[in-house]
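Participant: no sequence on this one, just coordinates:
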């Protein structure tokens, strides 16, 4: 997959996924976007360790990693200001704890366009359009 001047070029994205084929697919697609993939990791403790290590632009986190749910460490990840996309085989937000229902999420299986759109919407810094700024000249 060739990069096509992706806005995500050079972004360091943590992948937490315990299903080998899905992890490999995510890694390949993200690399195609120009991202540097951290992981994939398959344990909740590894997610926290990588997040605390820092230098991440975002994370794609499967809800269930080897029988442990990611929800236990989400408050710590949010406190670290890590930008998160939850990936899940379940698209029903009511299955998630109420405090995490508004986090960006993608239901599996997802396609490359949906993944790119979600990553760009979540991981890119909020752009302020220069034409909307009313700054004095000089």
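Facilitator: Yes, it's here. Note that the structure is a prediction, hence the values are computed from the model and not measured. Residues are numbered from 1 along each chain as shown.
Participant: where does this structure dip in pLDDT?
Facilitator: 1-5, 127-138 (pLDDT under 70).
Participant: just the helices in this protein please.
Facilitator: In the chain, the helices defined using DSSP state H lie at 20-32, 44-53, 74-79, 112-123.
Participant: what's the closest of these to residue 96?
Facilitator: Of all these, it is helix 74-79 that lies closest to residue 96, at 9.7 Å by CB to CB. For every residue, glycine as well, the C-beta is placed using N, CA and C.
Participant: buried stuff in that closest one?
Facilitator: Of all the residues in helix 74-79, those buried under the rule 16 or more other CB atoms under 10 Å are 74, 77.
Participant: contact partners for residue 12?
Facilitator: 35-36, 38, 55-57 (CB atoms under 8 Å, 6 or more residues apart in numbering).
Participant: for it, which residues make a bridge with it?
Facilitator: Assessed by DSSP bridges, residue 12 has beta-bridge partners residue 36.
Participant: out of the helices of the chain, which is closest to residue 64?
Facilitator: Nearest to residue 64, of the helices of the chain and by CB to CB, is helix 44-53 at 9.5 Å.
Participant: which residues touch that closest one?
Facilitator: 14, 16, 38-39, 41, 56, 59, 61, 65, 68-70, 72-73, 76-77, 80, 82.
Participant: what's the burial count for residue 65?
Facilitator: 20 (other CB atoms under 10 Å).
Participant: which residues does it bridge with?
Facilitator: residue 68.
Participant: that older thread, buried ones among the contacts of helix 44-53?
Facilitator: Judged by 16+ other CB under 10 Å, buried ones among the contacts of helix 44-53: 14, 16, 38-39, 41, 56, 59, 61, 65, 70, 73, 77, 82.
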